[in-house]
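> using only what follows, build the 3D model:
(2 chains)
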Protein chains: 2
Amino acid sequence: MSTTGISTTTASNITAPTQFLETNGETYAYRRFGAGPRPPLLFLQHFTGTLDNWDPAVTDALAAGREVILFDNAGVGRSSGTVPQTIAEMARHALAFLDGLGLSSCDVLGYSLGGMVALEMVQKRPSIFRKMVLVGTAPRGGEDIMHLEKPTLASYLGDPTLKGYEVLQKIFFAPTAESQTSGAAFIERLAQRKEDLDRPSGPDVAANQIAAFREWETFTGERFADLRGIQQPTLVVNGVHDEMIPVFNSYSLVENLPNAMLIVYPDAGHGSLFQYNELFVGQVKSFLGSDSPSAVF
Amino acid sequence: MSTTGISTTTASNITAPTQFLETNGETYAYRRFGAGPRPPLLFLQHFTGTLDNWDPAVTDALAAGREVILFDNAGVGRSSGTVPQTIAEMARHALAFLDGLGLSSCDVLGYSLGGMVALEMVQKRPSIFRKMVLVGTAPRGGEDIMHLEKPTLASYLGDPTLKGYEVLQKIFFAPTAESQTSGAAFIERLAQRKEDLDRPSGPDVAANQIAAFREWETFTGERFADLRGIQQPTLVVNGVHDEMIPVFNSYSLVENLPNAMLIVYPDAGHGSLFQYNELFVGQVKSFLGSDSPSAVF
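The predicted structure follows:
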């Protein structure tokens, strides 16, 4: 995609049209916008998230310097098929999607569930990613991944007074005034998109993705040894008070990936990238924009 | 100190003259150079380190935007007195030194042992520091702090073929070609200073500082609760393969300090700030230069 023909008004997740790719016997929904000299940046989404859950403060600011591609995995949003019960199968869909687009190389921003899919993809097809950004995620063999029955999460998920995105504000942000204020701004930004919306995820999507988390928590052989062969420069980011996928999973990533830098934000939960969107975007731009073979930037 | 009268040639730890302050019944050796609009940055040194162990690549680049003050604690280098066997007593000397200079507010870069002294100082005198940078250090109650008898350290410390700073290259840097190359460049930079040198630390200095580490590993009451009252924005930095003060101590810092951001560098040991000196200086400048009340920058 060239830089011509991209108007600034469509280089936004508020207005970018949803597109559909038929390949692999499925129809995958996606949005693709922005332009720049670097490889496209593939966004892989969190638990139950659709294309509409990507914060325009993050996507649009990154799209100012590169193409971004937001992707609904099988059975999510308006993609066809069934949500797989394993990360491996989700990775197979995402690789088929990239093949269908004709993309042989890109960068990836894998958030939460999406980070696990990215880790699986890079091991199956090492040439596919130039650089990786992994936010609020966990390696295979990680612990305490999305245990929604925990009191700290269940109290919000079971609260009938919380409407729509309000539950996201509670569970993605730390229980402080500052973090909750950021959360309120985040859900306002999500609500800016009014048309061409994805179908919100139902309990069937959640159940299969939870099954995938449970399978991802298991491991055979030496724990985390699978990470040591991943050569891609990787930026690992986490909020220090992440109740959904606790920060110690990011410690395991940075301690075992050969070329990863870790940044932990204060006073932030699972949605740290949205809370500190300006800072996060600046760091991701510096990281992706560096030609160094090292993850440091 | 105004910006006038500071020549670029003296704003360097290669050439800055050592000064002496008589106060508190002691004579403290220090170097003070650089200029800028921000508060001075106090450097607190590592185990057995003197003024000559500060990498000019770090001190000089930071001195380009602010005054920096390098300090020999009691009994170290050319400071009078005996090396204390507790961090608390080292903090008392450092506070007396700042009082003697007439400084009521500054920033601090506490490295290794120096980070512990900074943590003690900020609790004794909360108004003293505006912002803190803590590198390769540990909170009270931290673990595996400078256990030099560990095989990974003892093999180098007991190697008679390693001369002078060569042992620093081995124990401050990771056992990879890239990190060791950085280490060789580091010790070459240290060797640039030829005159007005500090007395290197002997076994008496090491023994008393080790006693202080052992005392710092102990705690009473709730572990790390002392960190929760520290309000200063804090940048915590560590190399992922730090054998001297392992990175999990930095995790404890960022998880318990209310307002701290953590950065972990890949392929680096205890001397991560020297290995990635350009990156580190840039991050410290951004952090200290930000007027945000948050640690993020």
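> got the contact list for A:Y30?
A:T18, A:Q19, A:F20, A:L21, A:L51, A:I69, A:L70, A:F71, A:D72, A:F97 (Cβ atoms under 8 Å, 6 or more residues apart in numbering or on different chains). For the C-beta atoms, the positions are set from N, CA and C on the backbone; glycine is no exception.
> which residue is nearest the centroid of chain A?
A:Y111 (2.5 Å; Cα atoms, centre = their mean).
> any idea how far the closest residue to it other than its chain neighbours is from A:R32?
Spatial nearest neighbour of A:Y111, chain neighbours left out: A:V135 (4.6 Å); criterion: Cβ to Cβ, 6 or more residues apart in numbering or on different chains. Taking Cβ to Cβ, to the nearest Å as the measure, A:V135 falls 21 Å from A:R32.
> equivalent analysis for A:T15, please.
13 Å.
> ok, the closest residue to chain B within the stretch 101-250 of chain A - how many residues close by?
Relative to chain B, the nearest point of the stretch 101-250 of chain A is A:V240 (5.8 Å; Cβ to the nearest Cβ). Neighbours of A:V240 under the rule other Cβ atoms under 10 Å in any protein chain shown: 23.
> next, the residue lying closest to it once chain neighbours are set aside: phi, psi?
Leaving aside its chain neighbours, A:V240 sits nearest to A:V264 (5.3 Å; criterion: Cβ to Cβ, 6+ apart). Phi and psi for A:V264, reported as degrees, to the nearest 10, are phi -110, psi 120.
> mind listing what A:V264 touches?
With Cβ under 8 Å, 6+ apart, A:V264 has these contacts: A:V237, A:N238, A:G239, A:V240, A:V247, A:S250, B:V254, B:M261, B:L262.
> before we move on, back to that, please identify which of the contacts of A:Y30 is nearest to chain B.
A:L70 (25.4 Å).
> partners of the strand or helix carrying the closest one in the sheet?
Following DSSP states H and E, one finds A:L70 within strand A:68-71. Each strand paired with strand A:68-71, and its direction, by DSSP bridges: strand A:26-33 (antiparallel), strand A:41-44 (parallel).
> CA atoms of the shortest one as CSV?
Read that as strand A:41-44. Only the C-alpha atoms of strand A:41-44 are listed here, as CSV (Å, rounded to 0.1, in the frame of the first residue of the first chain):
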residue,chain,number,x,y,z
LEU,A,41,2.3,-3.8,12.3
LEU,A,42,-0.2,-6.6,13.0
PHE,A,43,-2.4,-6.2,16.1
LEU,A,44,-3.4,-9.4,17.9
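> and the next element down the chain from it?
Immediately after strand A:41-44, counting by DSSP H and E, sits helix A:56-63.
> not counting its own residues, what contacts that next one?
By Cβ under 8 Å, 6+ apart, helix A:56-63 touches A:11-14, A:33-35, A:41, A:43, A:68, A:70, A:109, A:186, A:189-190, A:192-193, A:273-274, A:277-278, A:280-281, A:284-285.
> same thing but at 6 Å, please
Contact with helix A:56-63 is made by A:A11, A:S12, A:N13, A:I14, A:F33, A:G34, A:V68, A:R189, A:N277, A:V281, as judged by Cβ atoms under 6 Å, 6 or more residues apart in numbering or on different chains.
> tell me who's in contact with the second one.
With Cβ under 6 Å, 6+ apart as the criterion, the residues that contact A:S12 are A:P56, A:D60.
> same question for the fifth one.
Applying Cβ under 6 Å, 6+ apart, one finds that A:F33 lies in contact with A:T10, A:A11, A:A16, A:A63.
> counting contacts, what elements does the helix or strand that contains A:N238 pack onto?
Taking DSSP H and E as the criterion, A:N238 maps to strand A:234-239. Secondary-structure packing of strand A:234-239 (3 or more Cβ pairs under 6 Å, 6 or more residues apart in numbering or on different chains; DSSP states H and E): strand A:129-135, helix A:248-256, strand A:260-265.
> of all those, which lies closest to A:R223?
When the helices and strands packed on strand A:234-239 are compared by Cβ to Cβ, helix A:248-256 sits nearest A:R223, at 8.3 Å.
> close to chain B, is the closest one?
Yes - interface with chain B: helix A:248-256 contributes A:V254, A:E255 (Cβ under 6 Å from any Cβ of the partner chain).
> next one: stretch A:217-224
No - using Cβ under 6 Å from any Cβ, we find that stretch A:217-224 stays clear of chain B, coming within 13.1 Å at best.
> gap between the two ends of that stretch?
With Cα to Cα, to the nearest Å applied, stretch A:217-224 spans 11 Å between its terminal residues.
> what does that stretch rub up against?
Outside stretch A:217-224, the residues touching it (Cβ under 6 Å, 6+ apart) are A:P139, A:R140, A:G141, A:I145, A:S252, A:N256.
> any idea how far A:F97 is from the nearest residue to A:T27 once chain neighbours are set aside?
With sequence-adjacent residues excluded and distances taken as Cβ to Cβ, 6+ apart, A:T27 is closest to A:S80, at 4.4 Å. The gap separating A:S80 from A:F97 is 12 Å, by Cβ to Cβ.
> overlap in contacts of those two?
By Cβ under 6 Å, 6+ apart, no residue touches both A:S80 and A:F97.
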